[in-house]
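Asks: pasting a predicted model and its sequence here:
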Amino acid sequence: MTSRNVAYPNVHRPSQGKPIQRVSPFSGRTSMLSAPTLKVSQGKRKQALGLVVRAGGNTCRTDLMNLPGDPSLTVFTNVSMGDKKMDFMLKASKAVASCLGKPESYVAVCVEDGKDLIWGGKADPAALCTLYSLGAINLQNNKALSAELCTLLAEHGIPSNRYYINFFDLPRENCGYDGATFGG
């Protein structure tokens, strides 16, 4: 079995493991940077790691390319959820998985409750939500999740006309996980 060093983790680095010149935006000084390397064995070990070596020595994490990827929901609210917060998070996690057709094992939910938040100049109960996902962002799924979250937020006194959910469809290469991206 043979081994060689390849550029990693920046799999699309044009320097292909060669030093690159960097100019500091503050001092204007020039310095040389070396690309980090990882010893990748050829053959079965490389396949087990899910790595393939592309032309030019760049590596690609093929084990991540077919995974469903990240749906992550963040909720900011001025309501203090107290001991009901975890229940809300668990229900929201199931709703995200169900509405987007993704495994719940990939869903992340973060709730920041009791925050300073005004809506229309008033501090009445309100929420701001963001959902990031690799695919599955479309009118049908967004409407379904908006309806589910409306019900869940209402359980905490947040009316349906005092929350926003912003939906973001991420390109696979723009979502990092396990030292690589879902783009490879």
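Replies: Received the coordinates, thanks.
Asks: I figured residue 144 was touching residue 97, is that so?
Replies: No. The criterion here is C-beta atoms under 8 Å, and residue 144 misses it with residue 97 at 11.7 Å. To be clear about C-beta, it is placed using only N, CA and C from the backbone, and glycine gets the same treatment.
Asks: these two: which is more packed in?
Replies: Comparing residue 144 with residue 97 by neighbour count (other C-beta atoms under 10 Å), the higher total belongs to residue 97, at 17 against 14.
Asks: name the SS class of the more buried one, please.
Replies: helix (DSSP: H, G, I helix; E, B strand; the rest coil).
Asks: again with residue 110
Replies: At residue 110 the chain is in strand, as set by three-state DSSP.
Asks: going forward can the numbers begin at 24, since that is how I track them
Replies: Noted, 24 is the first residue going forward, which turns the last one into residue 133.
Asks: now it: how far from residue 143?
Replies: 25 Å (C-beta to C-beta, to the nearest Å).
Asks: try residue 103
Replies: Taking C-beta to C-beta, one finds residue 103 at 21 Å from residue 143.
Asks: who has more neighbours out of these two?
Replies: Set residue 103 next to residue 143 and count neighbours by other C-beta under 10 Å: residue 103 wins out with 11 against 8.
Asks: chain neighbours aside, what residue packs nearest to the more buried one?
Replies: Closest residue to residue 103 apart from its sequence neighbours, by C-beta to C-beta, 6 or more residues apart in numbering: residue 137 at 4.1 Å.
Asks: how many neighbours does the one you found have?
Replies: So residue 137, with other C-beta under 10 Å, has 13 neighbours.
Asks: repeat that for the one 4 residues further on.
Replies: Close neighbours of residue 141, defined as other C-beta under 10 Å, add up to 10.
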